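I need the structure of the sequence given here:
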Amino acid sequence: KPQRMLPLHTANAIKESIATAFSLGIVQKQKLRDCIMNAYEEQGIDKSDPSTWNIPAPTLANVCGVYLNDDEVKQDSLYAAMDNLNQFEIFEPDATKTKTLFDLLDGVAVINLSGYDQDIQNLVVAITLDQFYSQMQKSGHSAIQENMRELTKMVLVDEADNFLIQNFQAIRRILKEGREFGVGTILSTQFLNHFSTSDNEYSKYILSWIVHRVSEISQKEISALFGMQSKDRSNEQISEIMKLAKHHSVVNLADNQVKLMRDEAFFE
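Prediction:
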């Protein structure tokens, strides 16, 4: 059974992603949602009538057109965001040529974002993760056999600090709920304090840690990773981590049993 007011829920999700990526205010967010809903209406889609939902949905190009054709458009950060999206043509403007994210991810798909502004990169990642979360839920729970759960997808976020600090809702939701859908997440970053932001403590959703040599590490971070220990033992672990050889790591696989591991190097 389709979700009630589905176009409105979609509009809200897209609005939040764009607003977070471009740091939009409350009034701008409302204006953006109005533009998205107007774009739906121009396509002949009624938020209250599921029989119209099979009509190809508007693209961001349509939304940009609605916004930029408004006689009362203001030269503010929302204008800059919509103009950027329109000028760079980041997303497919023809709805008939689009495909679902899960179809796109059949095999290896590379989205090259080099050369784009940080806010554009953040937006692409945010919308991709939003769509992944939505389709993850629709795909249903993964199979369980004895004490093992089927692994269906893995999400790898490299240089994760760039996106964790943005506090995108989708990353937290995938971390929090992904296990029951068979979705694992790998977050790779340079420092342990990147997992804590003003709005989120991502470390509480992470059960397994692989720590290579880092130049900065605190006793608080050691306690969060490996459980409460004596001050002397924590200092020993800090020293061990800061002296790790190349291709070696300290591992905690959710049982607070710290192990030294020799990693397989890429050339092997």
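
can you get me a residue count around the nearest residue to Glu92 once chain neighbours are set aside?
Nearest non-adjacent residue to Glu92, counting by CB to CB, 6 or more residues apart in numbering: Thr98, 5.1 Å away. For glycine as for every other residue, the C-beta is placed from the backbone atoms N, C-alpha and C. Close neighbours of Thr98, defined as other CB atoms under 10 Å, add up to 14.

okay, the residue lying farthest from the centre of the chain: pLDDT?
Relative to the mean C-alpha coordinate of the chain, counting by CA atoms, centre = their mean, the farthest residue is Asp232 (37.9 Å). Asp232 carries a pLDDT value of 82.

how about it, what does it touch?
If you count contacts by CB atoms under 8 Å, 6 or more residues apart in numbering, Asp232 has none.

which is the succeeding secondary structure element to the helix or strand containing it?
For Asp232, the host element (DSSP states H and E) is helix 231-242. Downstream of helix 231-242, the first helix or strand assigned by DSSP H and E is strand 248-253.

hmm, the residue nearest to Glu92 is touching Ala61, no?
No - counting by CB atoms under 8 Å, Thr98 stays clear of Ala61, with 11.1 Å between them.

relative to Asp161, how far out is the residue nearest to Glu92?
Separation of Thr98 from Asp161 (CB to CB, to the nearest Å) stands at 31 Å.

same check on Phe226?
Applying CB to CB to Phe226 and Asp161 gives a distance of 21 Å.

repeat for Leu105
Using CB to CB, Leu105 is found at 24 Å from Asp161.

ok, Cys64 next?
Cys64 sits at a distance of 30 Å from Asp161 (criterion: CB to CB).

what does Asn122 give?
From Asn122 across to Asp161, the span is 12 Å (CB to CB).

number of nearby residues for Trp53?
15.

count of neighbours near the nearest residue to Tyr202 once chain neighbours are set aside?
Nearest residue to Tyr202 in three dimensions, chain neighbours excluded: Phe195, at 4.5 Å (CB to CB, 6+ apart). When neighbours are counted by other CB under 10 Å, Phe195 registers 22.
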